[in-house]
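In: need coordinates for the following:
(one chain, ligands or ions: 1)
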Amino acid sequence: MTKYIINGGKRLNGEVTISGAKNAAVAIIPAALLADGPCRIENVPKIIDVTLQLEILRELGVRIRLLNSTTVEISGEAVGGSKVPYELMRKIRASYYLIGALLGKYHHAEVAMPGGCNFGGIRPIDQHLKGFRALGATIETREGGYIVADAPDGLKGGHVYFDVVSVGATMNIMLAAVLADGQTVIENAAKEPHIVDLANFLNSMGADVKGAGTDIIKIRGVPKLHGGTYSIIPDQIEAGTFMAAVAATGGQVLIKNVIPKHLECITAKLTEMGVEIDEFDDALLVRRMGDLVKTNVKTMPYPGFPTDMQPQLTTALCLAKGTSIITEGVWDNRYRYTEELTRMGANIHVDGKIAVVEGVEELKAAPVRAYDLRAGAAMVIAGLAARGVTQVEQVTNIERGYENLVEKFQAIGADMYRAEIPEGDTSLPEAK
Ligand code: EPZ
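Out: Sure thing, here's the model as predicted:
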């Protein structure tokens, strides 16, 4: 079993470059299916979730060419089918974007119910299906956990008002609507940076998407989309994760290849906690020299504080002076990771969507698990701040969404490495 071994208690210092945004990439890659010609996509992060999305497309007969380590060419015109293998679909939640892309292009999709991170209880897709029906598709669930979406007479522009703000549903309806006949209006749309990135990608292929980034998106269907070249935005949550790491360990790190505007909510919160942040055009200089100070936070859809930063921020707050209150405003029970932080000496009380964190002097190393992607990032941050040698298990969950995380942290002074350790062996190897 691969583990991260982290000899913590050291300040972070140096420079780190942020990779392309995971949650943009996992939607833009299926979106390339909609084009009649090849799409060249740049700044693609080298992460498991991207590999899985590309594998799904290959299974459909799509020609995929890796032009270099972060550029992929996708030729969707050669798609041979619209049914995706069950076991592949189950591995990643973002596989649900195949429904929108296949339905939009071929008016038919047979896709397994998605898998993905195991938090938040059941992760419904009722709003996705509501949107597809608004465009004239029929939806049925077939034995074996398949969803079959069908529109034999093609899709017609429709009006959908989401009951909840949903990133996935907003993106999925965009994918289905760009080639539909007529105009589609999406109300109560999500406004995350990756929504705007998908809209910009689709428009670069000849689509007509207006209003992305606001809560009303209007899409006028076009007869076809052409290929092109597009570069994915930097990952807001990866950048935020490094910002929270500096807050927890202390030190100074220049975080490069970011869009500061996308990080404003994180910058504001960390500044309240006593972290100093200087903004440049495409970089942030993050510095924490003095004490961390407690704060309160509620996670909300963009432009609010992102739920995908909640575990990372909570970890830093474990070391802040005073009592902090965290409210999870997006998902149900996204606090399982706090059990692991408690194992490291944190003082956290969870009651439903609220966590109360009493700051402690220090965290102590312990064997911990990465229950999901962002919980895993929180374990790394805790290990970097804790005294002693922490080992993190189930790191595949982390590598689903973070490119070269160990190497990036090593480059800013972290004493951490990957190790192959027999299952159940929690004896702490000496840090190299
Ligand atoms: C995306 O998930 C992200 N994943 C998640 O990031 C992120 O936490 C989430 O958006 C919120 O920002 C990807 O983009 C691949 P939602 P998604 O639909 O689209 C409810 C990470 O760490 N809901 O915005 O699945 C849902 O239960 C991952 O990168 C419905 O009720 O999230 C939740 O309470 C973890 N019905 C809320 O809406 C639906 O049909 C927001 O979910 C859809 C969602």
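In: from now on I want contacts and neighbour counts done on CA atoms only, so please keep to that.
Out: Fine.
In: contacting residues for Ala346?
Out: 318, 357-360, 363 (Cα atoms under 8 Å, 6 or more residues apart in numbering).
In: equivalent analysis for Asp235, please.
Out: Counting by Cα under 8 Å, 6+ apart, the residues that Asp235 touches are 18-22, 258.
In: one more pass at 10 Å, please.
Out: 18-25, 45, 193-194, 241, 257-259, 262-263, 401-402 (Cα atoms under 10 Å, 6 or more residues apart in numbering).
In: just the ones of these in strands?
Out: Of the contacts of Asp235, none are assigned to strands by DSSP state E.
In: let me know the distance separating the residue of the stretch 301-432 of the chain at minimum distance from the ligand from Arg65.
Out: Evaluated by Cα to the nearest ligand atom, the stretch 301-432 of the chain has Trp331 as its residue closest to the ligand, separated by 4.2 Å. Distance of Trp331 to Arg65, given as Cα to Cα, to the nearest Å: 36 Å.
In: now Leu33
Out: Taking Cα to Cα, one finds Leu33 at 14 Å from Arg65.
In: what do you get for Val72?
Out: For Val72, the distance to Arg65 - Cα to Cα - is 6 Å.
In: before we move on, what about Asn296?
Out: Counting by Cα to Cα, the gap from Asn296 to Arg65 is 46 Å.
In: before we move on, what about Ala134?
Out: Separation of Ala134 from Arg65 (Cα to Cα): 35 Å.
In: which of those two has more neighbours?
Out: Under the criterion of other Cα atoms under 10 Å, the comparison of Ala134 against Arg65 puts Ala134 first, with 19 against 14.
In: now that one: closest residue in space, sequence neighbours ignored.
Out: Distances taken as Cα to Cα, 6 or more residues apart in numbering put Gly158 closest to Ala134, at 5.3 Å, once the chain neighbours are dropped.
In: now for that neighbour: which residues touch it?
Out: Gly158 neighbours (Cα under 10 Å, 6+ apart): 131-136, 177, 180-186, 219.
In: quick check, pLDDT for it.
Out: Per-residue pLDDT puts Gly158 at 98.
In: what's the helix or strand of the chain with the lowest mean pLDDT packed up against?
Out: None of the helices or strands of the chain scores lower by mean pLDDT, DSSP states H and E than helix 86-89, at a mean of 82. Here helix 86-89 touches helix 48-59, strand 108-112, going by 3 or more Cα pairs under 10 Å, 6 or more residues apart in numbering; DSSP states H and E.
In: hmm, it touching the ligand?
Out: No: using Cα under 6 Å from any ligand atom, helix 86-89 never reaches the ligand; the gap is at least 12.9 Å.
In: C-alpha coordinates for that helix, CSV please?
Out: Once non-C-alpha atoms are left out, helix 86-89 reads as follows in CSV (Å, rounded to 0.1, in the frame of the first residue of the first chain):
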residue,chain,number,x,y,z
TYR,A,86,-20.3,0.0,-15.8
GLU,A,87,-17.0,-0.6,-13.8
LEU,A,88,-15.4,2.4,-15.4
MET,A,89,-18.4,4.7,-14.7
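In: quick check: next helix or strand after that helix?
Out: Counting by DSSP states H and E, the element after helix 86-89 in chain order, helix or strand, is helix 97-106.
In: and the angle from that next one to strand 108-112?
Out: 170 degrees (axes from the mean of the first three to the mean of the last three Cα atoms, to 10 degrees).
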